[in-house]
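Enquirer: Quick one: sequence and predicted model below, then my questions.
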Amino acid sequence: QVQLVESGGGLVQDGGSLRLSCAASGRAFSSRAMAWFRRAPGKERKFVAAITWSGGSTYYDESVKGRFTISRDNRKNTVYLQMNSLKPEDAAVYYCAADGAVYRTPSLNDDDYNYWGQGTQVTVSS
């Protein structure tokens, strides 16, 4: 089992920045791909970014590429999402997710993630 707790959400102005953190506990964090997803009001949960278990490769949705950066610190069992140049359309509940398998290339599909945090709200004012 892996437990995930997100933090760092809040209210920010259009063009501002936030850094989300996801603290993990449990088994084999450093062996699992990690991802961030988000759900805007009235919409389905969508992929945002993912990172390999080693941190060597990252993947982004086109809508956030160049503005968001995913990273991880396996010594601290934590994954981060640095969000810059935020836009009103980035407002959503952001969820951290851990791959159900180990040593696997990150998936863009939320079905492949077995472990989820409770989510953290990001609000962007225009």
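Expert: Received it, and whenever you're ready, just let me know what you need.
Enquirer: gap between residue 106 and residue 3?
Expert: Look at residue 106 and residue 3: by CB to CB, to the nearest Å, they are 20 Å apart. The way it works is simple: take the backbone N, C-alpha and C, and place the C-beta from them, glycine included.
Enquirer: Please identify which of these two sits among more neighbours.
Expert: Comparing residue 106 with residue 3 by other CB atoms under 10 Å, the one with more neighbours is residue 106, at 23 against 14.
Enquirer: right, and the more buried one touches residue 100 too?
Expert: No - the pair residue 106 and residue 100 fails to qualify as a contact (CB atoms under 8 Å) at a distance of 11.9 Å.
Enquirer: list the contacts for the most centrally placed residue in the chain?
Expert: The centroid of the chain falls nearest to residue 36 when counting by CA atoms, centre = their mean (2.1 Å). Residues in contact with residue 36 (CB atoms under 8 Å, 6 or more residues apart in numbering) are 20, 22, 48-50, 70, 79, 81, 94-97.
Enquirer: how close does residue 77 sit to residue 64?
Expert: Taken as CB to CB, the span from residue 77 to residue 64 is 24 Å.
Enquirer: Which one's more surrounded, these two?
Expert: Between residue 77 and residue 64, counting by other CB under 10 Å, residue 64 is the more crowded of the two (22 against 16).
Enquirer: That one contacts residue 48, correct?
Expert: Yes - contact criterion CB under 8 Å: residue 64 and residue 48 qualify, at 5.8 Å.
Enquirer: was I right about residue 23 contacting residue 7?
Expert: Yes - Residue 23 is in contact with residue 7 according to CB under 8 Å; the separation is 7.4 Å.
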